[in-house]
Structure formats: structure tokens, C-alpha cells
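Chemist: when you get a sec, could you give me coordinates for this:
(chains A and B)
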Amino acid sequence: MIAGKEWIINSYTEKSGMGVKMEIEHRKDVKADIMTVKGRMDAITTAEFDKKIEEIIQQKGNTIIVDFSGLDYISSAGLRSILSASKKLKGKGGTIILTALKDVVRDVFEISGFSSILTIHESVEKALVEI
Amino acid sequence: MSNIILQAGLENLGRFTEFVTAYARKNGFQRMQTDRIALCLEEAVVNICSYAYPDNPDGKVEISLHMENGDTLIIRIKDSGIPFDILSQKDPDIKAGVSKREIGGLGIFIIKKMMDDVKYDRVDNQNILTMTLKREA
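Modeler: Just a heads-up that it's a prediction; the model follows:
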């Protein structure tokens, strides 16, 4: 346990007939709430991401860092969800930071223009330094 | 030619996607491209599930696949729902900042950017969306 950090790990796993589709973990750092999202964010699994982010915002989490290093896929449903969360947080003077986008996830963010309007860093560690 | 017809519901999204990506893999498409195919497939199918059959829970989606010239995948997605030319939608303003950025219009925009070609036709009371992607060497 690292002094100064509070670890709350809860985890949500969305399964489909083909196995685990998405896993979400959440922990609190002194500077931010950190969500780790693995697997796929599609039209079906995105609802759970929405729920989790909403919980964090309700608990007054104003700075949210999302670790996407394990995210293999995101569709427009996922993008809409992130944009929605971003607007909400902006309204409260908060921010969402996305990290470690790769492969088709990074492609989708660039094609949609989202990589220009959202804060994106290479890693959670880098994001924590910037806050 | 390969075919699948299922009810237009999100619960079938996985099956539609697996059907199309398996065909693409079998025809030599690699991960980078099959990821894009899966994404475009989802965008098209989710649009149909959301809008095509407002009064009919049994509405179907039919997907036909074939290869042309040995290296080009043609995906034809048909539904018998209300007439809807998905290509007529305005592109989202991709330069708009977070506050001004609108939530809609992304799905078809992604398809237009990721596929080599997209066409819409209305034939025999069916919407037909045809997506084309050439296999990368």
C-alpha cells in the first residue's frame, strides 16, 4: 500500500455469449479517480461505462483518468458516452483524461476528431504528472 | 457469396460481427482491417436496430458478403424498414470543441472514413447499404 493513496478497487465485468466483453476497475488516487477499462466498448457494453462514470461523478469525482491500455475496440456508442461525460464534467469545472489509446481505438479517436478536443496522454502516470 | 439473416436487435450484434469478420479473415484480411470492418458493421447494424423498425419487433437485417477481384470485400446490408438514406446525414463538425460538439452523426461518418466506398440504394422496399474494402497487401 503506497502512503497517500487510497485504493478502492471494484470491478465490473460484462459478459456476452462469447465470453468477457468489458471489464471496468476503479481506484482513487489523491489527485484523481482512475478507471481502467479493458475489452470492448460497443453499443451494448457502453451502458455499464455510463453507469460507472455517473457513480464517480455523483461521488464528486471531478478529475477522472481513464486507462485504455487494455481497450481493444470502441464504436461511436463509446465515443458518445465519453463526450457526454466530458460535457458533464466540464459543466462542473472538472475534466476527463484518456490514456494509452492504441490500434483501432486510436484510429477512431483521430478520425472522429475526438483526439483534438479531448485530453489524451500516453499513460496514467504521465496524466498524473500533468494534473 | 455468404449470407445471414437475423432479427434487428442488439442481442444479435455479436453474431453479425462474427459472421462478417470470420469471412474477412478467411479471405486474408488482417487484424487492423478486420477491426475496422467490425466497427463499420456495428455502426450500420445499430442504426437499423435503432431506427428502421419503429413498429415491428420482428424486423430483420440481412447481410450478404462476397469478394471481387480476389481482394475486395463487398458487404451488403439490407433491411425492410422505413426508407432511410443514412448517407444523407450531415457530417459532424469534427473541429467543434467539447461544449459545441454534437452527439449524433458519428456512426455513418466513421463508415465513410474507414471503408473504401459506401453506397445507399432503396430497392423493392428495402434499404441497401453497400460497403467496400480492399484487402491491404
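
Chemist: ok, and what's touching the helix ranked longest in chain A?
Modeler: Ranked by number of residues, the top helix in chain A under DSSP state H is helix A:76-91. Identification of contacts with helix A:76-91 by CB atoms under 8 Å, 6 or more residues apart in numbering or on different chains yields A:41-43, A:46, A:49-50, A:53, A:57, A:62, A:64, A:66, A:95-96, A:98, A:108-109, A:112, A:114, A:118, B:43, B:46, B:98-99, B:101, B:103, B:106-107, B:110. C-betas here are computed from N, CA, C, even on glycine.

Chemist: ChimeraX command to pick out the buried ones of these?
Modeler: Buried subset of these, written as a ChimeraX selection, criterion 16 or more other CB atoms under 10 Å in any protein chain shown:
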select /A:41,42,43,46,49,50,53,57,64,66,95,96,98,108,109,112,114,118 /B:43,46,98,101,106,107,110
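
Chemist: of all residues in chain A, which one is closest to chain B?
Modeler: Residue of chain A nearest chain B, by CB to the nearest CB: residue A:113 (2.9 Å).

Chemist: from residue A:75, how far off is that residue?
Modeler: Separation of residue A:113 from residue A:75 (CB to CB, to the nearest Å) stands at 16 Å.

Chemist: the two: which is more packed in?
Modeler: Legend: neighbour count by other CB atoms under 10 Å in any protein chain shown for residue A:113 and residue A:75, higher for residue A:75 (27 against 18).

Chemist: so who does that one touch?
Modeler: Contacts of residue A:75 (CB under 8 Å, 6+ apart): A:41-43, A:46, A:108, B:39, B:42-43, B:46, B:107, B:110.

Chemist: quick check, nearest of those residues to residue B:119?
Modeler: Using CB to CB, residue B:43 comes nearest to residue B:119 of the contacts of residue A:75, at 15.3 Å.

Chemist: state the distance from the residue nearest to the spatial centre of chain B to chain A.
Modeler: For chain B, the residue nearest the mean C-alpha position is residue B:44 (3.3 Å; CA atoms, centre = their mean). Per CB to the nearest CB, to the nearest Å, residue B:44 is found 11 Å from chain A.

Chemist: what residues does chain A have near chain B?
Modeler: A:16-18, A:42-44, A:72-73, A:75-77, A:79-80, A:83-84, A:86-87, A:90, A:103-104, A:107-108, A:111-113, A:116-118 (CB under 8 Å from any CB of the partner chain).

Chemist: does the residue sitting furthest away from the middle of chain B count as helix, strand or coil?
Modeler: Residue farthest from the centre of chain B, counting by CA atoms, centre = their mean, is residue B:99 at 28.9 Å. Secondary structure assignment for residue B:99 (DSSP: H, G, I helix; E, B strand; the rest coil): coil.

Chemist: pull the contacting residues for it.
Modeler: So residue B:99 contacts A:87, A:90 (CB under 8 Å, 6+ apart).

Chemist: got phi/psi on it?
Modeler: The phi/psi pair for residue B:99 (degrees, to the nearest 10) reads phi -70, psi -40.

Chemist: any idea how far it lies from residue A:98?
Modeler: 18 Å.

Chemist: please apply the same query to residue B:116.
Modeler: Using CB to CB, residue B:116 is found at 29 Å from residue A:98.

Chemist: doesn't residue B:60 make contact with residue B:77?
Modeler: No - assessed by CB atoms under 8 Å, residue B:77 is found out of contact with residue B:60, at 11.2 Å.

Chemist: among the two, which residue is more densely surrounded?
Modeler: residue B:77 (23 against 18).

Chemist: tell me the secondary structure for that one?
Modeler: Three-state call for residue B:77 (three-state DSSP): strand.

Chemist: which residues are in contact with residue 73?
Modeler: This is for chain A. A:39-42, A:104-105, B:35, B:38-39.

Chemist: nope, chain B please
Modeler: Counted by CB under 8 Å, 6+ apart, residue B:73 has contacts B:23-24, B:27, B:29, B:37, B:65, B:67, B:132-135.
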